[in-house]
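A.B. asks: This is a predicted model, with the sequence first.
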Amino acid sequence: MNIAVYCSSCPESDATFVNAAHELGTWIGESGNALVYGGSAIGSMGAVSRATLDAGGEVHGVEPSFFIEAGVEQHDLTELFVVETMAERRLKMIELADVFVALPGGVGTLEEISEIMSRIRLKMSPEPCYLLNLNGFYDGIIALLDEMVRAHFLDEETCQAFRFPRTIEELIAELEAFEVREGVDWTAPVVPEANTVG
């Protein structure tokens, strides 16, 4: 399956998070899966892509042209899609991927996985999605989701589709159990139910 991994390209990323990205990439490559990611060669992005390639896996990068001009792209990817905007990058990654994972990252990572969470709410994306809650990084998001449920902006069933494994081992176990649904066009527009909120 094609696994979209959202993570940071910050070169000053915490080593704990970069190491986790490396472990995930190694498993992706060794398990015969493929990586879909943002195309960069630095930070956690560089770690997950390099580890996947080193383990013999395919890596499909999606990089806006202005990052290419800045010289931060990984050069030996299986495939590199060059787009013009961040919005195009998000849509292309969604088109390419079967399952979606967020490692600890910044506002870009949050934006990307939030779109997946919204699409799951609207039944436009496979579920569940995964946010690696390493060292409690996403505890604040969990608390916010709980508040959304209490305020009736989000239903408990949908909230259960947002998974927060606390270790790479837990994440990998969940990914190994994930089943790709064949023949489903997740890019097709969906008319939301009348009671859809949030």
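C.D. replies: Alright, I've got the coordinates.
A.B. asks: and V99, how far is that from T85?
C.D. replies: V99 sits 24 Å away from T85, going by C-beta to C-beta, to the nearest Å. Placement of C-beta: from N, CA and C, glycine included.
A.B. asks: These two: which is more packed in?
C.D. replies: More crowded of V99 and T85, by other C-beta atoms under 10 Å: V99, with 23 against 11.
A.B. asks: Surely the more buried one is in contact with C129?
C.D. replies: Yes - using C-beta atoms under 8 Å, V99 is in contact with C129, at 7.5 Å.
A.B. asks: by contact count, what packs against whichever strand or helix holds V48?
C.D. replies: If you go by DSSP states H and E, V48 is part of helix 43-54. On a contact count with 3 or more C-beta pairs under 8 Å, 6 or more residues apart in numbering; DSSP states H and E, helix 43-54 meets helix 15-30, strand 34-37, strand 58-64.
A.B. asks: Just say which of these is most tucked in.
C.D. replies: strand 34-37 (a mean of 26; mean count of other C-beta atoms under 10 Å).
A.B. asks: mind listing what's buried in the helix or strand containing E176?
C.D. replies: For E176, the host element (DSSP H and E) is helix 168-177. Neighbour counts over helix 168-177 (16 or more other C-beta atoms under 10 Å) mark I168, E170, L171, I172, L175 as buried.
A.B. asks: circling back: take the helix holding V48, keep the C-alpha atoms, and write them as PDB.
C.D. replies: The C-alpha atoms that make up helix 43-54 are tabulated as PDB, following Å, rounded to 0.1, in the frame of the first residue of the first chain:
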ATOM      1  CA  GLY A  43      14.400  17.000   8.900                       C
ATOM      2  CA  SER A  44      12.000  14.100   9.500                       C
ATOM      3  CA  MET A  45      11.100  14.200   5.800                       C
ATOM      4  CA  GLY A  46      14.600  13.400   4.800                       C
ATOM      5  CA  ALA A  47      14.900  10.700   7.400                       C
ATOM      6  CA  VAL A  48      11.700   8.800   6.400                       C
ATOM      7  CA  SER A  49      12.500   9.000   2.700                       C
ATOM      8  CA  ARG A  50      16.100   8.000   2.900                       C
ATOM      9  CA  ALA A  51      15.400   5.100   5.200                       C
ATOM     10  CA  THR A  52      12.600   3.800   2.900                       C
ATOM     11  CA  LEU A  53      15.000   4.000  -0.100                       C
ATOM     12  CA  ASP A  54      17.800   2.400   1.800                       C
END
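A.B. asks: now I28: how far from L145?
C.D. replies: For I28, the distance to L145 (C-beta to C-beta) stands at 27 Å.
A.B. asks: Is A20 in contact with L103, as I believe?
C.D. replies: Yes - contact criterion C-beta under 8 Å: A20 and L103 qualify, at 6.3 Å.
A.B. asks: Could you name every residue contacting both of those two?
C.D. replies: S44, L132, L134 (C-beta atoms under 8 Å, 6 or more residues apart in numbering).
A.B. asks: What is the neighbour count of the second one?
C.D. replies: If I follow you right, that is L132. Counted with other C-beta under 10 Å, the neighbours of L132 add up to 26.
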